[in-house]
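>>> give me a model of this one.
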Amino acid sequence: MPYTFIDIEKRKTGVIKAIFLFLVLFYFIVADILWLITAQYFSIPVIRLNLGFKLPEASVTSIEETVIVLLAALIIAWIHWCLSTSDIIKKVLGVLNAVEPDPKDSYHSILKNVVEEVSVATGGHKISPFVIPVAGLNAFAISDCKGNAAIGVTEGLLAKLTRSQLESVIAHEAAHVVSGDNLVTSVSCSLFAIYSAIFEELGQVLRGSSRAKGGSRSGGQILLYLYLIYIVLSITQFINLLLNMFMSRQREHRADAVAVKLTRNPISLAEALYVISKGWKGIGSIPKSLSPIFITNPDYSELEESEGFISDLFSTHPPTEKRLETLLSMAHSDTKALEMAEKTKSRIPLEQGALEIKNEPARDWLVYKDNTWKGPFPLNELIGLGLSPATWVSKLGEGNVKRASEDATLSEMLKTNIPGQPGAGNGVCPECGQPLSEILYEGAPAFRCHYCEGVLVGYRIIPRILLREDVEIPEGAKKLASLAMITYSKGIIENTKLKVAYRSRCPKCGNKMRHSFYSSAYPVESDICDSCGNIWFGKYGLEALQYLSEKSRHENI
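Sure thing, here's the model as predicted:
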């Protein structure tokens, strides 16, 4: 499965083109058959075309009809394609009666939060959550050609699953969206939905006609005509089945694997599938034509739940038992672990269950901490989590990831967490964008960033600091100094020829600072402002410079 969005987009584009070409060919064949049937029964005259050259009479009729049917097929295919792919998501949601989550419903809020968390984990792909108001246990995902996507869960499944199980189900559906196979399934279902509807309606008409007695000769011809049309439409149903076969059951196994990769919890997905397998999956409320977009087939089928060539050929979902076996093997577990999924939830007294709605702060911030996304948290809790300007954050509903310093609200909040009273004339940190605090370093005035611990100091003041030995040098500074001397020993610095680059602006005067070594004798990286004479050192930079200076003096004594 491709994991870069470039590969995903290429794959989606190629598959969509293949489907359209197939659709044109399909329309040509079906239209030609319908034309022959209609012309035979209703004696429609042949339309003559001026081809510009002569052919045998028998060939002229055949070629002219073929050209007409081909042109009609192209036009019909294009119209059908535009109608079918326009507002796919809206149409499918309408068929399923899916609705947006109720913001006042705690279960719906959990669904919304989980979808947004998984969306961030997949790279910020915009996915909208929906709820199907039925008691069945199922979930689906659908996409359109514009990059929009929706994930829906039935009310029954929301009520049954724990949060971790719900996360696994949503991750499975998000895998379909990101990989692109979901778009193919969505387009396929939309294209053939009209044929499924006509096929079922025509079947009812023919069944009613077969029970009726008598009728004229012309009525019998029309009935025979309808039977032939019914046969042609039955072929379209088989074509739809072949498309589903083309998409294969393996996409479900791949989505299961990606869900485990995203959540790192194969047991939760196994529990969720086990719960779904034991209940009603929604058949009757969910049309059969939409079954490929769901996590399990809404209609139980022995063929679907079996293995072998025939099952692989004509089923859209792999057997649940096989999926559970694969997931449990990942967790080195067995089916006994799934019994926890069916345990009844502990109930609470009614008076405790009727909670008063309070206007609590919105929990809409995700924070990347300890190599994983955590949250959502309300705004007022972020500082307590150790938020810094460099922390990666994402606000639910926005669908993008950014540094805390890049958000105006968080940037202002970070300023309030700076100890003391940062003066307006102190400048801002070139790394964090936060106000600098005035400090005394070895008794000399300097400016420090509370977050990245960088220090700004005047070049005339540095000699004072280097002569003083009141501050204990931290181990991190000693290591940085050792690395600097290794750089020196390898000949990267030759005399006073230093590598110069301009990467940030001076906190005091705003001019560009050159990124260089402090000197050839003390190769500590710094940013030097040639306009006002201030020098910026990153964390432990000034201490490393002081350590090298002390070490040099002591070795020469």
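
>>> and the next helix or strand past whichever strand or helix holds residue 446?
Here residue 446 sits within strand 444-448, counting by DSSP states H and E. Counting by DSSP H and E, the next helix or strand C-terminal to strand 444-448 is strand 455-458.

>>> what's the helix or strand that comes right after that next one packed up against?
Per DSSP H and E, the first helix or strand lying C-terminal to strand 455-458 is helix 462-467. Applying 3 or more C-beta pairs under 8 Å, 6 or more residues apart in numbering; DSSP states H and E, we find helix 462-467 packed against strand 444-448, helix 541-556. All C-beta atoms are positioned from the backbone trio N, CA, C, and that covers glycine.

>>> quick one: buried residues of helix 462-467?
462, 465, 466 (16 or more other C-beta atoms under 10 Å).

>>> thinking again about what came up before, the helices and strands packed on helix 462-467: which one's closest to residue 231?
Checking the helices and strands packed on helix 462-467 against residue 231 by C-beta to C-beta gives helix 541-556 as the closest, at 81.7 Å.

>>> can you list the buried residues in that closest one?
Residues of helix 541-556 classed as buried by neighbour count (16+ other C-beta under 10 Å): 541, 542, 543, 544, 545, 546, 547, 548, 549, 550.

>>> what does stretch 506-515 give?
Within stretch 506-515, the residues scored as buried using 16+ other C-beta under 10 Å are 506, 507, 508, 513, 514, 515.

>>> now swap in stretch 463-479 and tell me
Buried residues in stretch 463-479 (16+ other C-beta under 10 Å): 465, 466, 473, 477, 478.

>>> can you put those in a markdown table and add distance to residue 260 and pLDDT?
Compiled in a markdown table, the buried residues of stretch 463-479 are given as follows (distance: C-beta to C-beta, whole Å; pLDDT from 0 to 100):
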| residue | distance to residue 260 | pLDDT |
| --- | --- | --- |
| 465 | 54 | 90 |
| 466 | 56 | 89 |
| 473 | 47 | 89 |
| 477 | 43 | 91 |
| 478 | 44 | 92 |
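
>>> mind listing the strands for the chain?
Counting by DSSP state E, the chain has strands at residues 127-132, 139-143, 149-154, 363-369, 372-378, 392-395, 402-403, 437-441, 444-448, 455-458, 501-505, 512-517, 525-528, 534-537.

>>> go through those and find the least confident stretch.
Among the strands of the chain, strand 501-505 has the lowest mean pLDDT, at a mean of 76.

>>> pop the domain breakdown of this protein in here.
1-85, 91-185+250-342, 363-415, 424-556 (automatic domain parsing).

>>> looking at those, which is nearest to residue 228?
Using C-beta to C-beta, the domains of the chain put domain 1-85 closest to residue 228, at 5.2 Å.

>>> averaged pLDDT, the closest one. What do you get?
Here the average pLDDT along domain 1-85 is 59.

>>> repeat for stretch 163-175
On average, stretch 163-175 scores 92.

>>> need the winner for burial among the domains of the chain.
Comparing those by mean neighbour count (mean count of other C-beta atoms under 10 Å), domain 91-185+250-342 comes out on top with a mean of 19.

>>> hmm, back to that, can you list the strands of the chain in a markdown table and add distance to residue 253?
Below are these laid out as a markdown table (distance: least, C-beta to C-beta, whole Å):
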| stretch | distance to residue 253 |
| --- | --- |
| strand 127-132 | 22 |
| strand 139-143 | 16 |
| strand 149-154 | 19 |
| strand 363-369 | 29 |
| strand 372-378 | 25 |
| strand 392-395 | 30 |
| strand 402-403 | 35 |
| strand 437-441 | 56 |
| strand 444-448 | 54 |
| strand 455-458 | 55 |
| strand 501-505 | 47 |
| strand 512-517 | 50 |
| strand 525-528 | 50 |
| strand 534-537 | 53 |
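
>>> of those, which is nearest residue 179?
When these are ranked by proximity to residue 179 (C-beta to C-beta), strand 139-143 comes first, at 10.3 Å.

>>> for the closest one, packing partners?
helix 88-96, strand 149-154, helix 163-179, helix 181-211.

>>> residues making contact with that strand?
88-89, 92-93, 96, 127, 149-154, 157, 169-170, 172-174, 176-177, 182-183, 185-186, 290, 293-295 (C-beta atoms under 8 Å, 6 or more residues apart in numbering).

>>> how about the CA coordinates for that strand, as PDB?
Output in PDB follows, covering the C-alpha atoms of strand 139-143 (Å, rounded to 0.1, in the frame of the first residue of the first chain):
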ATOM      1  CA  ALA A 139     -19.200   1.500  10.200                       C
ATOM      2  CA  PHE A 140     -18.300   2.900   6.800                       C
ATOM      3  CA  ALA A 141     -16.100   5.300   4.900                       C
ATOM      4  CA  ILE A 142     -16.700   7.100   1.700                       C
ATOM      5  CA  SER A 143     -14.700   9.600  -0.500                       C
END
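
>>> isn't residue 460 right up against residue 535?
No: contact criterion C-beta atoms under 8 Å: residue 460 and residue 535 do not qualify, at 10.3 Å.

>>> could you give the mean pLDDT of stretch 484-498?
pLDDT averaged over stretch 484-498 gives 60.

>>> ok, now stretch 238-250?
On average, stretch 238-250 scores 61.

>>> oh, and call the first residue 479 from now on, that's how I've got it
In the new count, where the first residue is 479, that last one comes out as stretch 716-728.

>>> quick one: residue 996 from residue 636, how far?
To residue 636, residue 996 is 61 Å away according to C-beta to C-beta, to the nearest Å.

>>> can you check residue 739 too?
Residue 739 sits 24 Å away from residue 636, going by C-beta to C-beta.

>>> do residue 608 as well
11 Å.

>>> before we move on, what about residue 686?
From residue 686 to residue 636 the distance is 41 Å (C-beta to C-beta).

>>> how about residue 580?
Distance, residue 580 to residue 636, using C-beta to C-beta: 11 Å.

>>> again, but for residue 595
16 Å.

>>> with residue 557 instead?
Relative to residue 636, and taking C-beta to C-beta, residue 557 is found at 39 Å.

>>> same question, residue 1030
When residue 1030 is compared with residue 636 (using C-beta to C-beta), they lie 68 Å apart.

>>> equivalent analysis for residue 981, please.
Taken as C-beta to C-beta, the span from residue 981 to residue 636 is 50 Å.

>>> over to residue 592?
10 Å.

>>> identify the contacts common to those two.
residue 644.

>>> low-confidence ranges, the stretch 729-878 of the chain, go.
Across the stretch 729-878 of the chain, the ranges flagged by pLDDT under 70 are 778-795, 814-838, 875, 877.
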